[in-house]
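# just need the structure, nothing else, for what follows:
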Amino acid sequence: MLGSRTQRSRWYGGHRLGQIVETLAQPFVPEKLPPGFGRWMDERIIEYPWLFSRLPEGPGTLLDAGSVLNHHFIVAHPKLRRKKLTIMTLAPEPECYWHQAISYVYGDLRDLVFRDGLFDYVVSISTLEHVGLDNQRFHSLALDQKKQETDSYLLAVRELSRVLRPGGLCFISLPYGKRVVHDWMQLFDQEMIESVIHEFRPQCSRVTYFRYLGDDGWKLSDAKAAADARYFDFEKDAPWKGHPAAAEAVVCLELKK
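Numbers count the residues shown, from 1 in each chain. Below is the predicted model:
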């Protein structure tokens, strides 16, 4: 036994890192995920391999809107080596790779400082669910958002579309399921996912759902089968049988401008 399966346990961080690195070294085929894939792991075990399975090879300008790529094992990924990477988040973080020519910009995703059409790619992994809510959980320097602006993620979506060049690709992932709003995040339902796509106004879109099924791990799903998924907040929620580490379902959007 590995003991407690929550993010608070001592084994979780190291085991999670090893699992993600191992997964990224293998081909990612959503339709053929092995039994128990990502068991006990949060949604990054799905989001990272999904992203790199879809992100094209070669050079280009890429905006990481939310700083989820800001890890040594991610910035070293072969698909990022030839890309000019800009990471934008609310406040400085301990990990920083400026010596690898990675640019860091701090600010609000609802009011980006970049000119129109600057980027070939935009990536926003599990970030929009925090927009307009209290982000001090992640950054001590961040603004304590006492007023919940639950629709302001649409302002961020509009900005992501604006700074992406025509024909460019945007990759967004979000926790999915039955709508609920916490002080620091909200769980997106199907109506909200449709609002993201409508606000972005892509030429075309590809939407993929995944759900965590306890000991069976993460599996390819669909909007209906994942509609009742919940979110496990390890700091507040009492565990339930087969609970996930965080999101019980995730939706991944590939949007072409």
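# going by C-alpha atoms from here, please, whenever you check contacts or count neighbours.
Fine.
# the strand of greatest length in the chain: partners in the sheet, and parallel or antiparallel?
Scanning the chain for the strand with the most residues, using DSSP state E, yields strand 164-175. With DSSP bridges as the test, strand 164-175 is paired with strand 119-125 (parallel), strand 249-256 (antiparallel).
# need those in a markdown table with mean neighbour count and distance to E47, can you?
Output for the strands paired with strand 164-175, formatted as a markdown table (neighbours: other CA atoms under 10 Å; distance: least, CA to CA, whole Å):
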| stretch | mean neighbour count | distance to E47 |
| --- | --- | --- |
| strand 119-125 | 24 | 7 |
| strand 249-256 | 25 | 7 |
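# if we can go back for a sec, C-terminal to the longest strand of the chain, what's the next element?
Next along the chain after strand 164-175, taking DSSP states H and E as the criterion, comes strand 180-181.
# pLDDT weak spots in the protein?
1-11, 139-146 (pLDDT under 70).
# which parts of it are strands?
In the chain, the strands defined using DSSP E lie at 60-65, 83-89, 103-106, 119-125, 164-175, 180-181, 186-187, 204-212, 218-221, 249-256.
# now those strands in JSON lines, with distance to K236?
Output for these, formatted as JSON lines (distance: least, CA to CA, whole Å):
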{"stretch": "strand 60-65", "distance to K236": "27"}
{"stretch": "strand 83-89", "distance to K236": "25"}
{"stretch": "strand 103-106", "distance to K236": "29"}
{"stretch": "strand 119-125", "distance to K236": "23"}
{"stretch": "strand 164-175", "distance to K236": "18"}
{"stretch": "strand 180-181", "distance to K236": "14"}
{"stretch": "strand 186-187", "distance to K236": "15"}
{"stretch": "strand 204-212", "distance to K236": "20"}
{"stretch": "strand 218-221", "distance to K236": "23"}
{"stretch": "strand 249-256", "distance to K236": "19"}
